[in-house]
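> let's see this in three dimensions:
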Amino acid sequence: MHVIQTDRQPDGYESITVSDTAIGFTPAEIFPKTGLFAEFECKEVFCSLETESIRYCTDGTTATTSVGHLVTAGQTITIKNKQAIKNFSAFRDGQADGTLHVTYFF
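Numbering: from 1, shown residues only. Modelled structure (predicted):
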């Protein structure tokens with residue numbers, strides 16, 4: 001079990017399919033144009049990988065099957081840096097797509 005301790009407010013959620021094309025977080029979730037945090041920038045994300053394995057990068061490098069940090073099903077990722085959130089890139093590690101659940105904090 002993973003417990004989230006943060007003083008930030010959650011205000012956004014999405015489920016991302018991580019496939020054989022690198023993918024990042026949805027820009028409209030990072031920089032919402034409507035709602036309570038309209039025009040604010042996401043400062044933290046919490047992700048849980050539900051299925052399969054993926055690789056990810058946060059420095060602007062594009063993740064591939066051989067580049068990036070390996071995360072397996074059931075593990076979590078927390079990113080607390082605005083630039084790293086913008087730079088996030090994920091790619092599936094095997095033949096099957098992964099499902100990454102993401103909560104955005106402001």
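> tell me what the helix or strand hosting residue 83 is packed against?
Per DSSP states H and E: residue 83 is located in helix 82-87. Contact partners of helix 82-87 among helices and strands, from 3 or more CB pairs under 8 Å, 6 or more residues apart in numbering; DSSP states H and E: none. (C-beta placed from N, C-alpha, C; glycine too.)
> how far is it from where the chain is centred?
Taking CA atoms, centre = their mean, to the nearest Å, one finds helix 82-87 lying 10 Å from the centre of the chain it belongs to.
> next helix or strand past it?
In N-to-C order, the element after helix 82-87 by DSSP H and E is strand 89-92.
> give me the residues contacting that following strand.
16, 18-24, 52-58, 60-65, 67-68, 98, 100 (CB atoms under 8 Å, 6 or more residues apart in numbering).
> and the gap between residue 106 and residue 83?
Separation of residue 106 from residue 83 (CB to CB, to the nearest Å): 16 Å.
> neighbour-wise, which of those two wins?
Neighbour count, other CB atoms under 10 Å: between residue 106 and residue 83, residue 106 has more, with 16 against 11.
> which residues touch the closest residue in space to the more buried one that isn't next to it in sequence?
Nearest non-adjacent residue to residue 106, counting by CB to CB, 6 or more residues apart in numbering: residue 37, 4.3 Å away. Going by CB under 8 Å, 6+ apart, residue 37 touches 9, 11-12, 106.
> can you show me the strands along this protein?
10-18, 44-51, 54-57, 69-71, 76-79, 89-92, 98-105 (DSSP state E).
> elements contacting the last one?
Applying 3+ CB pairs under 8 Å, 6+ apart, one finds that strand 98-105 contacts strand 10-18, helix 27-30, strand 44-51, strand 89-92.
> what's the closest of the ones you listed to residue 4?
strand 44-51 (5.5 Å; CB to CB).
> could I get the buried residue list for the closest one?
Residues of strand 44-51 classed as buried: 44-49, 51 (neighbour count, 16 or more other CB atoms under 10 Å).
> ok, stretch 33-41 next?
By neighbour count on 16+ other CB under 10 Å, the buried set for stretch 33-41 is residue 37.
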